[in-house]
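Sequence unavailable; structure follows:
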C-alpha cells in the first residue's frame, strides 16, 4: 500500500491555532487540578496521537501527576477506523487504587476509548476519567463521553498537534482540516 500524496499543511485550513490550543489545554489543566486538589493523578496517554496533548496537559496540571502510555491500533493508514481495536502496548506501572485519567487526542467513534476504559477498569483504579483534546460527537458509534474536552469539532478529518494521516503531520503545531479530496486526486 503506497502512501497518499503529501499535502503541505499550509494548504490546509487551520481549525485551531497553537494559541487557541494552549489556552484550552491550560483551562482543562486547571479543571483537573481543581477536581484532584490534594490528590495525585496518573495520566495514561494513548499513543501516538495523544503524546503532545499529554505533555502539554501534564505541565498545565498543578497537582502531583505521573504518566504512562498505551498503544492501540484501529486505523492503520486509512482515514476510517477498521472498527477493530487491538492493544499493542499496555501500561508499564500498576494503577490499582490510583486516580487515572485516560488522555486521548480525539474522541471519534468511541471504540478505542470504550475498549481502553474497560481494560483500565480491570486494573481497579480509585477513579477513572477521560480527557480528550478533540471531541467529534457526530461520529460516535458507542455511548461514551469525555470528562474533560478542549474542543468539540464537526465531522472533519483533522491533522496536527499529534494527530496524523498515515503517520504524517503529527508535528504540525496547529490543528488543521485535511482536505476531503486532496488536490491532484
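Here it is on my side, so go on. Everything numeric in this text was worked out from a predicted model, so none of it was measured.

how about the strands in this structure?
Per DSSP state E, the chain carries strands over the ranges 13-16, 41-47, 65-73, 86-89, 99-107, 127-135, 148-152, 158-159, 175-177.

Okay, now the unreliable bits of the chain?
Of all residues in the chain, those with pLDDT under 70 make up the ranges 1-2, 74-83, 181-185.

And stretch 113-128, what's buried?
113, 114, 115, 116, 119, 120, 123, 125, 128 (16 or more other CB atoms under 10 Å). Backbone N, C-alpha and C define where each C-beta goes, glycine included.

can the strands of the chain go into CSV with extra columns for distance to residue 25?
Formatted as CSV, the strands of the chain follow (distance: least, CB to CB, whole Å):
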stretch, distance to residue 25
strand 13-16, 11
strand 41-47, 12
strand 65-73, 14
strand 86-89, 24
strand 99-107, 11
strand 127-135, 8
strand 148-152, 6
strand 158-159, 16
strand 175-177, 12
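
Nearest to residue 5, out of these?
strand 158-159 (14.1 Å; CB to CB).

other SSEs contacting the closest one?
Helices and strands touching strand 158-159, by 3 or more CB pairs under 8 Å, 6 or more residues apart in numbering; DSSP states H and E, are strand 175-177.

Quickly run through the sheet partners of the strand it packs on, with directions.
Strand 175-177 has the following strand partners under DSSP bridges: strand 13-16 (antiparallel), strand 158-159 (antiparallel).

And for it, what's in contact with it?
Residues outside strand 175-177 that contact it (CB atoms under 8 Å, 6 or more residues apart in numbering): 9, 12-16, 21, 133-134, 151, 156-161, 163, 169.

Try it again at 10 Å.
7, 9-18, 20-21, 105-106, 133-134, 150-151, 153-154, 156-163, 169 (CB atoms under 10 Å, 6 or more residues apart in numbering).
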